[in-house]
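> Build me a model from this:
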Amino acid sequence: MKEIAAQLIRLYSARMATKGYAFSPDTPWQRELEDAFPYVETPDQLAAINEVKADMEKPIPMDRIICGDVGYGKTEVAVRAAFKAVQDGKQVAVLVPTTLLSHQHLATFSDRMAPFPVVVRELSRFTGAAEAEATMAGIADGSVDIVDRYAPDPAADRAVQGSRARRRRRGAAVRGGTQGVPEVDAHGRRRADDVGDADPEDARDVAHRDPRDDDDPHPTGGAPPDPHVCRALGSTTDRRGYPPGAVA
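Sure thing, here's the model as predicted:
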């Protein structure tokens, strides 16, 4: 603990001594964007927004984490901070862990900034080659202000592709009757170590799955769990035989 404390003291001493970029105070456009927010901010949300903007205006690097449950307004904090950065001529990268979240943020940022001359683009595994090339060119020449980026490491991306291949093979085996019923937990969800869940995207990204998987009638891979198994676990199935929560 003493060693960790000493490291933290050195880290934050170096941070406080490092010169960062001090953003300008809020512009009239910033206030217009914030006034257009269609909801009433909670006290904690307002406090987080004001503290983030105050940090951005300091001449030292910002060091802040915003934590909150789903629906508590974290994205709006990011929207206002990103817009403030764009007002000072900076480019913003919004890094996200899933393609579904990338699409959601693209829609949110685009909708909130539609009244202003702010260009928002997306880069993900589902971005077409031509569109991705145009976006990269826009980033290079400064015409793109905000890019919503799905950012896995290459090894993880290869694992995703391998997972899809295994899932297609597994689905064919199940339809051929050569494989047993997938294991599910007490809530009707597949076990985390099941090969059908090897790709974390599969559970949340069915709407944007790889078109090559369209020959699989079950987007999450394989056949639905046996209804008798589901009933034994205390859950029910829908008309397709899926237990609740099995399909995002």
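
> Before we go further, residue 95 is sitting in a strand, right?
Yes. Residue 95: assigned to a strand according to DSSP: H, G, I helix; E, B strand; the rest coil.

> So it versus residue 30, what's the distance?
Distance of residue 95 to residue 30, given as C-beta to C-beta, to the nearest Å: 23 Å. Heads up, the C-betas are built off the backbone N, CA and C, glycines and all.

> These two: who's more crowded?
The neighbour count for residue 95 versus residue 30, taken as other C-beta atoms under 10 Å, is higher for residue 30 (18 against 11).

> From the contact counts, what lies against the helix or strand in which the more buried one is found?
In this structure, residue 30 sits in helix 28-35 according to DSSP states H and E. Contact partners of helix 28-35 among helices and strands, from 3 or more C-beta pairs under 8 Å, 6 or more residues apart in numbering; DSSP states H and E: helix 74-87.

> got the residue ranges for the helices in the chain?
2-17, 28-35, 43-56, 74-87, 99-112, 129-141, 154-175, 227-232 (DSSP state H).

> what's the closest of these to residue 118?
For residue 118, the closest of these is helix 74-87, at 5.6 Å, according to C-beta to C-beta.

> contact partners of the closest one?
23-24, 26-27, 29-30, 33-34, 37, 41, 45, 48-49, 52-53, 56, 66-68, 91-92, 94, 105, 108-109, 112-113, 116, 118, 145-146 (C-beta atoms under 8 Å, 6 or more residues apart in numbering).

> now the angle between helix 43-56 and it, please.
Angle of helix 74-87 versus helix 43-56, following axes from the mean of the first three to the mean of the last three C-alpha atoms, to 10 degrees, is 30 degrees.
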